[in-house]
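Visitor: okay, here's the prediction I keep looking at, along with the sequence it came from:
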Amino acid sequence: MANRLRELRKAKGLTQTQLAKLSNVSQPKISEYELGARNLDLVSLAVAKRLAKALGTTPDKLTD
């Protein structure tokens, strides 16, 4: 999941800070997800939906 989130973010040309603003998820949390220190599978569906919407994808694509 960590690599997938990073790949999707970079494919959109976004920094972690920009994604944080678009998704209303803090930049430190995004960093933790991308580093694998925090598992997005265990995050609330609301957070996954916000990240997915900001990236123009669906929550299930974040964990593929």
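Guide: That came in fine, so what should we check first?

Visitor: what is the neighbour count of residue 36?
Guide: For residue 36, the count of nearby residues is 12 (other Cβ atoms under 10 Å). Backbone N, C-alpha and C define where each C-beta goes, glycine included.

Visitor: distance check, it against residue 63.
Guide: Distance of residue 36 to residue 63, computed by Cβ to Cβ, to the nearest Å: 12 Å.

Visitor: for residue 18, same thing?
Guide: 22 Å.

Visitor: who has more neighbours out of these two?
Guide: When residue 18 and residue 63 are compared for neighbours, residue 18 comes out ahead with 15 against 12, by other Cβ under 10 Å.

Visitor: which parts of this structure are strands?
Guide: Assigned by DSSP state E, the strands in the chain number zero.

Visitor: can you list the low-confidence ranges for it?
Guide: Applying pLDDT under 70 to the chain flags the ranges 1, 40-43, 64.

Visitor: what do you get if the cut-off is 80, keeping everything else the same?
Guide: Scanning the chain for pLDDT under 80 picks out the ranges 1-2, 38-44, 63-64.

Visitor: does residue 4 touch residue 59 like I think?
Guide: No - taking Cβ atoms under 8 Å as the definition, residue 4 is not a contact partner of residue 59, at 11.4 Å.

Visitor: quick check: residue 8 touching residue 61?
Guide: Yes - taking contacts as Cβ under 8 Å, residue 8 lies within contact range of residue 61: 7.3 Å.

Visitor: okay, those two: which has more neighbours?
Guide: More crowded of residue 8 and residue 61, by other Cβ under 10 Å: residue 8, with 20 against 13.

Visitor: wait, what's in contact with that one?
Guide: Applying Cβ atoms under 8 Å, 6 or more residues apart in numbering, we find residue 8 in contact with 55, 57, 61, 62.

Visitor: change it to 10 Å
Guide: Residues in contact with residue 8 (Cβ atoms under 10 Å, 6 or more residues apart in numbering) are 14, 19, 51, 52, 54, 55, 56, 57, 61, 62, 64.

Visitor: again with residue 24
Guide: Applying Cβ under 10 Å, 6+ apart to residue 24 gives the contacts 46, 47, 50, 51, 53, 54.
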